[in-house]
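In: What follows is a predicted protein model with its sequence.
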Amino acid sequence: MHELLAAAKKVRLRQLRCFVAVARKKSFVLAAEDLGLTQPAVSRSVRELEQVLGHDLFDRSTRGAELTPRGRTFLEATESGLLRIFQGVRSVTGEVLSDEIVRIGALPNVCSQFLPAIVQVFKSEYPSVRVRVSPGTNAGLLDSLRRGETDFVIGRLSSSEDMRGLVFRALFDEPLVFVVRGGHPLSGGQATLEEALTFPTLLPPEGTIIRQELSRYLSGQGVSELPDVVETTSSDFQRSYVARTDCVAVMPRGVVQAELESGAFVHLDIAKDAMRGPVGLTTNPELRLGSGAGKLVETILNTPLMPKMVS
């Protein structure tokens, strides 16, 4: 017990920060970039920690750094505690720290909709706070939130199982729509689902929340398979591919709102509101938001910059 306490007293917060960063990035170089330190400084801190503990925490190679079994055990024991230390300091001071990083996880369509305008408003008031926006699928973003790698997530409401232990606050409702380019063979009249499915279909990949919503709708219409599919989560690719081909795309309306208003794209009135779902802000109640993240959440909740389809 005495030896354990003696070792604990030698552990420094700097060493723990470096250890967690390397464990997340699996690279001393990337961890150094993330922390704003030099790579030798990060390596030295981790080596000091290993000497205190008496065990190697990483297997080092030219490919990067992988946790050893003892390293994985140590990460599980320290990561959440380290997060709470930083969050506790920020909650006590009540200040937005100049070196604070606010980490947002967002679906690709959110990244291209209202989020840029909201970040612009926030940065005009807190220019010294770094904002990091990471796009991803709903499942990946929620996993990242549970691990404390993001402060909050903006996306569609997922299943009750996926949302277990998390808090969701709805911002607006958004429909999924069938979309084609202007001049498409189906753009001039009342197209049916059967007609739409005779063309190539552009969809998000299987496992994404949007694909799950579409699959439920198609199943209700007696459609089990799609014969010709291109899959992507890239909003840029979706817009470009729709513009140059005869595909029929299914995507959140907000992704192509500007193109629909200009007439470049045409909305096929097929599903109507059958695939309408809430988009909102998800937080992890086990992790206290830093003051900067809290201020950005306030900006999101109080902004008039939401999409036109706000309900």
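Out: Here it is on my side, so go on.
In: what residue ranges in the stretch 101-250 of the chain are flagged as low confidence?
Out: Filtered on pLDDT under 70, the stretch 101-250 of the chain yields no residues whatsoever.
In: Would you map the helices across it?
Out: With helices called from DSSP state H, counting those that start in this stretch, the stretch 101-250 of the chain shows them at 108-111, 115-125, 138-146, 193-196, 209-220, 235-244.
In: Give me whichever of those helices is most buried.
Out: Most buried of the helices of the stretch 101-250 of the chain, by mean neighbour count (mean count of other Cβ atoms under 10 Å): helix 108-111, with a mean of 24. All C-beta atoms are positioned from the backbone trio N, CA, C, and that covers glycine.
In: What helices and strands are in contact with that one?
Out: When contacts are defined as 3 or more Cβ pairs under 8 Å, 6 or more residues apart in numbering; DSSP states H and E, helix 108-111 packs onto strand 130-135, helix 235-244.
In: Out of the helices of the stretch 101-250 of the chain, which is closest to residue 51?
Out: Closest approach to residue 51 among these is made by helix 138-146 (31.6 Å; Cβ to Cβ).
In: contact partners of the closest one?
Out: Under the contact criterion Cβ atoms under 8 Å, 6 or more residues apart in numbering, helix 138-146 has outside partners 105-107, 134, 136, 150, 152-153, 155-156, 158, 162-163, 165-166, 207-209, 282-284.
In: Keep only those of the residues you listed that are in strands.
Out: Secondary structure from DSSP state E places 105-106, 134, 152-153, 155-156, 282-283 of the contacts of helix 138-146 in strands.
In: got TSV for those, with distance to residue 255 too?
Out: Below are these laid out as TSV (distance: Cβ to Cβ, whole Å):
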residue	distance to residue 255
105	18
106	13
134	18
152	21
153	18
155	13
156	12
282	20
283	24
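In: Generate a PyMOL selection restricted to the buried entries among those.
Out: Listed next is the PyMOL selection for buried residues among these, using 16 or more other Cβ atoms under 10 Å:
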select buried, resi 105+106+152+153+155+156+282+283
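In: so residue 130 bridges to which residues?
Out: For residue 130, the beta-bridge partners are residue 101 (DSSP bridges).
In: The spatially most central residue of the chain: what's it in contact with?
Out: Taking Cα atoms, centre = their mean as the criterion, residue 105 is the residue nearest the geometric centre of the chain, at 2.6 Å. Residue 105 is in contact with 134-136, 141, 144-145, 150, 152-155, counting by Cβ under 8 Å, 6+ apart.
In: what domains does the record give for the protein?
Out: Listed by automatic domain parsing, the domain ranges of the chain are 2-93, 101-172+278-302, 175-275.
In: about what we covered before: of the helices of the stretch 101-250 of the chain, which is nearest residue 254?
Out: Each of the helices of the stretch 101-250 of the chain has some distance to residue 254 by Cβ to Cβ; the shortest is helix 108-111, at 5.9 Å.
In: roughly how far out does that closest one sit from the chain middle?
Out: 9 Å (Cα atoms, centre = their mean, to the nearest Å).
In: For it, report the contacting residues that lie outside it.
Out: Here helix 108-111 has contacts from 133, 135, 154-155, 233-235, 251-252, 254-255, 279, using Cβ under 8 Å, 6+ apart.
In: mind running it again at 6 Å?
Out: Applying Cβ atoms under 6 Å, 6 or more residues apart in numbering, the external contacts of helix 108-111 come out as 135, 154, 233, 235, 252, 254-255.
In: List only buried entries from the residues you listed.
Out: For the contacts of helix 108-111, buried by 16+ other Cβ under 10 Å: 135, 154, 233, 235, 252, 254-255.
In: any chance of these in JSON lines, plus distance to residue 200?
Out: JSON lines is the format used below for those (distance: Cβ to Cβ, whole Å):
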{"residue": "135", "distance to residue 200": "24"}
{"residue": "154", "distance to residue 200": "30"}
{"residue": "233", "distance to residue 200": "18"}
{"residue": "235", "distance to residue 200": "18"}
{"residue": "252", "distance to residue 200": "20"}
{"residue": "254", "distance to residue 200": "23"}
{"residue": "255", "distance to residue 200": "18"}
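In: one step back: of all the helices and strands packed on helix 108-111, which lies closest to residue 12?
Out: Closest among the helices and strands packed on helix 108-111, using Cβ to Cβ: strand 130-135, at 23.9 Å.
In: what's the closest one packed up against?
Out: strand 101-106 (3 or more Cβ pairs under 6 Å, 6 or more residues apart in numbering; DSSP states H and E).
In: Using PDB, list the CA coordinates for the strand it packs on.
Out: Coordinates of each C-alpha in strand 101-106 appear next as PDB, following Å, rounded to 0.1, in the frame of the first residue of the first chain:
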ATOM      1  CA  ILE A 101     -11.200  23.100 -27.400                       C
ATOM      2  CA  VAL A 102     -14.900  22.500 -28.000                       C
ATOM      3  CA  ARG A 103     -15.400  19.200 -29.800                       C
ATOM      4  CA  ILE A 104     -18.600  18.800 -31.900                       C
ATOM      5  CA  GLY A 105     -19.700  15.500 -33.500                       C
ATOM      6  CA  ALA A 106     -22.100  16.100 -36.400                       C
END
